[in-house]
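S.K.: quick one: sequence plus predicted model below, questions after.
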Amino acid sequence: MEELTTDILVIGSGLAGILSALEAERTGLQVLLTGKFTIALGTNTSMANGAFTAANSRFSEEDHLRLTLEAGKGLNRIDRVETLVRNARDAIERLREYDVPIVEGTIGYWIDRPSTCSQLPGVLLVKALAERLKSSTIRLLPGFVVFELIVEEGEVRGAMGFLKEEKPLLIRSKAVVLATGGAGAIYARNDNQRSILGDGYALALRAGLPLFDLEFVQFFPLVLAEPNLSTFMLFPPYPEEAKLVNHKREDLLERLAIGRNLSQAIITQRDRFSIALYESSEKEDIYLDLTRVPEEKWEHYPLNLLRKSKFPFRERPFLVLPAVHFFMGGVETDDEGRTSLEGLFAVGEVTWGAHGANRLGGNALTECAVMGMRTGRAAAHDARLKGLGKVPVSKWEKRVRDHLKRKAGGLDSSRDLLRKLKSLAWRTVGPIRDERTMTEGLSELASLEERIATLRPTTIPELLRKRELENVALLLRALLMGSLARTESRGSFYRRDFPHQDDTHWLKTTCYRLKEGELLVTHRPVNERAEGLKFGPP
């Protein structure tokens with residue numbers, strides 16, 4: 001098994017991971033930045049609309065705090081929100097130092113771009129940061145899939161995984177930063193990168209950490225649903241001529257009680273909009289009609305993104321449906337990214353706390369920027385106080401051999417199993433949930449888990465495909481169990497059989513933990529840390 005050593009290992013190369021790496025590198029320590037695919041461009045950040053919610057000359061810190069807490073419906077961690085709000089403007093200034101083209105907007109900041117530019121704002125953001133990486137001393141390792149965190153004597157000492165050449169690699173480090181994103185791609189309908197399958201959540205659970213509030217999943221209403229087209233999010237602002245219609249070309253916005261303006265509905269009623277669209281789609285197809293939009297508007301963002309496609313978006317209405325967009329839950333950290341497992345940090349969508357029951361638009365990139373910088377500095381601080389811990393390499397080599405069952409079996413059915421898991425997630429824990437559907441979902445999941453358990457990988461690619469299936473099944477089980485337990489509706493979470501918010505009984509966070517291979521779900525009062533968790537430098 002090949003070995004590498006570094007002071008700080010960053011797993012994930014979106015905005016949170018890159019900023020953690022850049023800030024840590026400023027201290028003079030060795031930093032290694034990894035990604036499952038292409039560094040920076042293979043992440044959800046590259047697909048972002050480029051909005052950072054933060055105080056500016058027209059939007060106060062008090063407004064930012066208030067709106068974030070209103071969106072979170074009582075489940076935000078107050079200290080995390082305050083950290084986000086207080087440090088947002090400083091993070092914007094540091095992004096400018098890193099040559100990110102960013103300008104002031106109405107309630108924050110935007111990636112600056114010509115209106116006729118047909119590149120996503122997120123692409124412009126990560127390209128600027130990728131240029132900064134080129135002039136740094138940070139080592140880049142694309143195509144590295146982390147299989148397990150190395151936990152020895154109660155601390156994380158690195159990670160074990162596989163290179164794209166199928167070679168096992170053990171990375172020893174003084175600090176590890178999880179910046180792996182959420183789990184949107186475990187759903188059949190999502191607007192995430194296909195690689196966003198909850199790797200960080202599964203790594204944390206298997207390392208002994210609890211996760212929190214995974215049942216809170218945000219959906220975006222207007223996502224392409226045409227057969228053979230990718231599930232691409234249709235970014236606002238929408239032209240006033242755009243209409244949401246059924247097959248009879250009847251305008252649906254007023255019927256759905258969402259108002260008359262698509263862009264306003266997305267901003268102010270995103271969750272109600274998603275739920276209403278999903279309910280309507282159970283009875284009839286829903287279309288977005290852009291046929292009345294004047295030709296000159298197709299030259300400008302965001303419609304110019306659609307011009308690259310051969311699909312006739314201008315000639316006929318096209319199918320749309322909600323899709324999974326963002327996970328609010330995840331790993332608990334302190335306000336510098338430390339987890340309760342020594343040596344392990346986490347940042348970005350993989351973490352929990354700032355968003356509560358729902359995320360305020362623009363706070364995803366802001367959180368990545370603020371916490372990415374704070375986490376990188378904290379990881380460097382802690383790494384300076386310790387040496388590289390011992391790792392019994394022979395033990396980890398044996399773990400790889402044990403996983404590879406040298407007998408007949410193979411994974412010919414792995415792609416079919418992944419499709420079934422994704423479909424099950426969408427059908428049972430999608431925008432609208434209920435007890436009967438989720439109970440049936442758990443039964444169906446158990447059958448799929450039995451099939452996954454019988455798979456016998458004989459090659460590294462097969463081993464990675466099996467672990468991918470195990471991760472998706474584990475997270476889907478968590479979503480089903482947590483959603484069944486929460487008998488109310490709140491924020492992005494909606495149960496048809498419990499349609500109202502219940503502050504008397506459900507101002508609680510949901511805790512997910514693996515114990516001896518069994519997933520356990522418990523609850524605790526809001527804004528209380530789990531008993532026994534400790535945060536801080538060694």
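M.R.: Structure received. Since the model is a prediction, treat every value here as computed from it, not as a measurement. Residues are numbered from 1 along each chain as shown.
S.K.: which SSE is Arg157 in?
M.R.: In the assignment (DSSP states H and E), Arg157 maps to strand 155-162.
S.K.: what does Leu149 give?
M.R.: For Leu149, the host element (DSSP H and E) is strand 145-152.
S.K.: which strands and helices sit next to that strand?
M.R.: In terms of contacts (3 or more C-beta pairs under 8 Å, 6 or more residues apart in numbering; DSSP states H and E), strand 145-152 is packed against strand 155-162, strand 168-178, helix 199-206, helix 460-485. C-beta: built from backbone N, CA, C; applies to glycine.
S.K.: would you turn those into CSV with mean neighbour count, distance to Asp502 and mean pLDDT?
M.R.: Putting the helices and strands packed on strand 145-152 into CSV (neighbours: other C-beta atoms under 10 Å; distance: least, C-beta to C-beta, whole Å; pLDDT from 0 to 100) gives the following:
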stretch, mean neighbour count, distance to Asp502, mean pLDDT
strand 155-162, 22, 38, 97
strand 168-178, 26, 33, 97
helix 199-206, 25, 26, 98
helix 460-485, 21, 13, 96
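S.K.: turn those into JSON lines, including distance to Val324.
M.R.: Below are those laid out as JSON lines (distance: least, C-beta to C-beta, whole Å):
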{"stretch": "strand 155-162", "distance to Val324": "26"}
{"stretch": "strand 168-178", "distance to Val324": "20"}
{"stretch": "helix 199-206", "distance to Val324": "14"}
{"stretch": "helix 460-485", "distance to Val324": "11"}
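S.K.: quick one: which of the ones you listed is nearest Pro239?
M.R.: Taking C-beta to C-beta, helix 460-485 is the member of the helices and strands packed on strand 145-152 nearest to Pro239, at 36.1 Å.
S.K.: helices or strands next to the closest one in the packing?
M.R.: Packing partners of helix 460-485 (3+ C-beta pairs under 8 Å, 6+ apart): strand 145-152, strand 155-162, helix 199-206, helix 414-428, helix 435-453, strand 508-515, strand 518-525.
S.K.: now that helix and helix 199-206, what's the angle there?
M.R.: Counting by axes from the mean of the first three to the mean of the last three C-alpha atoms, to 10 degrees, helix 460-485 lies at 80 degrees to helix 199-206.
S.K.: picking that back up, just the C-alphas of the strand holding Leu149, formatted as CSV.
M.R.: Output of strand 145-152 as CSV, limited to C-alpha atoms (Å, rounded to 0.1, in the frame of the first residue of the first chain):
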residue,chain,number,x,y,z
VAL,A,145,-11.9,8.2,-3.2
VAL,A,146,-11.8,8.0,0.6
PHE,A,147,-12.9,4.6,1.9
GLU,A,148,-12.4,5.0,5.6
LEU,A,149,-11.1,7.5,8.1
ILE,A,150,-8.1,6.2,10.0
VAL,A,151,-9.1,6.2,13.7
GLU,A,152,-6.5,5.0,16.2
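S.K.: listing partners with orientation, what would you give for it?
M.R.: Paired neighbours of strand 145-152 in the sheet (DSSP bridges): strand 155-162 (antiparallel).
S.K.: list the contacts of the strand it pairs with.
M.R.: Here strand 155-162 makes contact (C-beta atoms under 8 Å, 6 or more residues apart in numbering) with 9, 11, 144-151, 168-173, 176, 207, 341-344, 388-391, 396, 399-400, 460, 463-464.
S.K.: that older thread, gap between the strand holding Leu149 and the chain center?
M.R.: Relative to the chain's own centre, strand 145-152 is displaced by 20 Å; criterion: C-alpha atoms, centre = their mean, to the nearest Å.
S.K.: show me the contacts for Phe144.
M.R.: Contacts here follow C-beta under 8 Å, 6+ apart; on that basis Phe144 touches 34-36, 161-164, 169.
S.K.: recalculate using a threshold of 6 Å.
M.R.: Taking C-beta atoms under 6 Å, 6 or more residues apart in numbering, we find Phe144 in contact with 34, 161, 163.
S.K.: excluding its backbone neighbours, what's nearest it?
M.R.: Thr34 (4.4 Å; C-beta to C-beta, 6 or more residues apart in numbering).
S.K.: kindly report the same for His64.
M.R.: Nearest non-adjacent residue to His64 (C-beta to C-beta, 6+ apart): Val85, at 4.8 Å.
S.K.: ditto for Ala54
M.R.: Nearest one to Ala54, counting by C-beta to C-beta, 6+ apart, is Ala88 at 3.5 Å.
S.K.: distance check, that neighbour against Leu67.
M.R.: 13 Å (C-beta to C-beta, to the nearest Å).
S.K.: how about the strands of the stretch 301-450 of the chain, start to end?
M.R.: 318-327, 330-331, 344-346 (DSSP state E, counting those that start in this stretch).
S.K.: so for Ala21, which of these sits nearest?
M.R.: Ala21 lies closest, by C-beta to C-beta, to one member of the strands of the stretch 301-450 of the chain: strand 344-346, at 11.7 Å.
S.K.: report the central residue of this protein.
M.R.: Note on the chain: the residue nearest the mean C-alpha position is Gly182, at 2.4 Å, using C-alpha atoms, centre = their mean.
S.K.: and it, what is it in contact with?
M.R.: 327, 349.
S.K.: ok so, going back, closest to Ser46 among the contacts of Phe144?
M.R.: Relative to Ser46, the closest of those is Thr34; by C-beta to C-beta it sits at 16.4 Å.
S.K.: using CSV, write down the CA coordinates of the helix or strand that that closest one is a member of.
M.R.: Using DSSP H and E, Thr34 sits in strand 31-35. Provided in CSV are the C-alpha atoms of strand 31-35 (Å, rounded to 0.1, in the frame of the first residue of the first chain):
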residue,chain,number,x,y,z
VAL,A,31,-1.7,20.8,3.0
LEU,A,32,-3.1,18.1,0.7
LEU,A,33,-6.4,18.8,-1.1
THR,A,34,-8.3,15.8,-2.5
GLY,A,35,-11.4,15.3,-4.7
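S.K.: show me what it is in contact with.
M.R.: Residues outside strand 31-35 that contact it (C-beta under 6 Å, 6+ apart): 6, 8-11, 13, 21, 24-25, 42, 138-142, 144.
S.K.: list the contacts of the helix or strand following it.
M.R.: Once the chain leaves strand 31-35, the next helix or strand it forms, by DSSP H and E, is strand 51-53. Outside strand 51-53, the residues that touch it by C-beta under 6 Å, 6+ apart are 107-110, 362-363, 365-366.
S.K.: now the strand holding Arg157 against strand 168-178, angle please.
M.R.: Strand 155-162 and strand 168-178 are oriented at 130 degrees to each other (the same axes, to 10 degrees).
S.K.: and strand 155-162, how far out from the chain's middle?
M.R.: Taking mean C-alpha positions (C-alpha atoms, centre = their mean), strand 155-162 and its chain are 21 Å apart.
S.K.: and what of stretch 89-107?
M.R.: Remark: stretch 89-107 is offset 22 Å from the chain centroid, using C-alpha atoms, centre = their mean.
S.K.: that stretch: which residues count as buried?
M.R.: Across stretch 89-107, burial judged by 16 or more other C-beta atoms under 10 Å covers 89, 91-92, 94-95, 100-102, 105, 107.
S.K.: how close does the closest residue to Glu284 other than its chain neighbours get to Pro236?
M.R.: Take Glu284 and drop its neighbours on the chain: the residue closest to it by C-beta to C-beta, 6+ apart is Asn246, 5.1 Å away. Distance of Asn246 to Pro236, computed by C-beta to C-beta: 22 Å.
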